[in-house]
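Undergrad: Build me a structure from this.
(chains A and B)
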Amino acid sequence: ETGVTQTPRHLVMGMTNKKSLKCEQHLGHNAMYWYKQSAKKPLELMFVYSLEERVENNSVPSRFSPECPNSSHLFLHLHTLQPEDSALYLCASSQGAHRGRTDTQYFGPGTRLTVL
Amino acid sequence: KQEVTQIPAALSVPEGENLVLNCSFTDSAIYNLQWFRQDPGKGLTSLLLIQSSQREQTSGRLNASLDKSSGRSTLYIAASQPGDSATYLCAPSGNTPLVFGKGTRLSVIA
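TA: Numbering: from 1, shown residues only, chains lettered A, B, ... in the order given. As a prediction, this is how the structure comes out:
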């Protein structure tokens, strides 16, 4: 496979469930990102992982927990979500990211999450 | 805090027209600016990245310009085609990684 892949593509979960989203990049990049895209809102950066640092958006609730075991894999662990967390969750990667400076980002197809 | 505005929010044109999409941002201290397209329900595809030191960047029928001091970028699409129908997003990168606008939804009618 090439590019950025995400699994699952669709996920329906209850508010008491625990699930994880997975992202994998095959581009040899050193930085990975999680974004949230809600209806009628701008794409919102949630987390950035790079070789040098992890950057968080301070407005992201603790029920979202990222994990980056290596430069090719990124997870988003979900627990006790709310219906308003229903959205398209996009993963991206780039060659580098330092203090906001980012190279061209390549996006995965996204996971459509529905919280009941 | 960087804020990005894209005008118009939606645009419908007949096939073959040249068109301009506008992007403005409030913090001119950026490193670069990227333009993306997004098809419905799908991820984003990078179209162009223009560095803060550049004035414009071209790829095929697409041309992006950047006026960093005034906080503006435009995406010019020449000879539009139905396959260009998508939402176009601009995102400057500065002290924080990419901040996105809400996008311009483009429909090209055959």
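Undergrad: For the rest of this, base every contact and every neighbour count on C-alpha atoms.
TA: Fine.
Undergrad: Around chain A, pick out the residues from chain B.
TA: For chain B, the contact set with chain A under Cα under 8 Å from any Cα of the partner chain comprises B:31-32, B:34, B:41-46, B:49, B:93-103.
Undergrad: Select from these every entry located in strands.
TA: For the residues of chain B next to chain A, the ones inside strands are B:32, B:34, B:44-46, B:49, B:93, with DSSP state E as the criterion.
Undergrad: which residues does the nearest residue to residue A:54 once chain neighbours are set aside contact?
TA: Leaving aside its chain neighbours, residue A:54 sits nearest to residue A:48 (5.6 Å; criterion: Cα to Cα, 6 or more residues apart in numbering or on different chains). Residue A:48 is in contact with A:31-34, A:54-56, counting by Cα atoms under 8 Å, 6 or more residues apart in numbering or on different chains.
Undergrad: What segments of chain A are strands?
TA: Using DSSP E, the strands found in chain A span residues A:4-7, A:10-13, A:18-25, A:31-37, A:44-50, A:54-56, A:64-70, A:73-79, A:87-94, A:97-98, A:101-102, A:106-107, A:111-115.
Undergrad: Out of these, name the one with the poorest average pLDDT.
TA: When these are ranked by mean pLDDT, strand A:97-98 comes last with a mean of 65.
Undergrad: Which secondary structure elements does the helix or strand that contains residue B:107 sit against?
TA: In the assignment (DSSP states H and E), residue B:107 maps to strand B:104-109. When contacts are defined as 3 or more Cα pairs under 8 Å, 6 or more residues apart in numbering or on different chains; DSSP states H and E, strand B:104-109 packs onto strand B:10-14, strand B:86-93.
Undergrad: correct me, but residue A:113 touches residue A:8?
TA: No - under the criterion of Cα atoms under 8 Å, residue A:113 makes no contact with residue A:8, lying 9.3 Å away.
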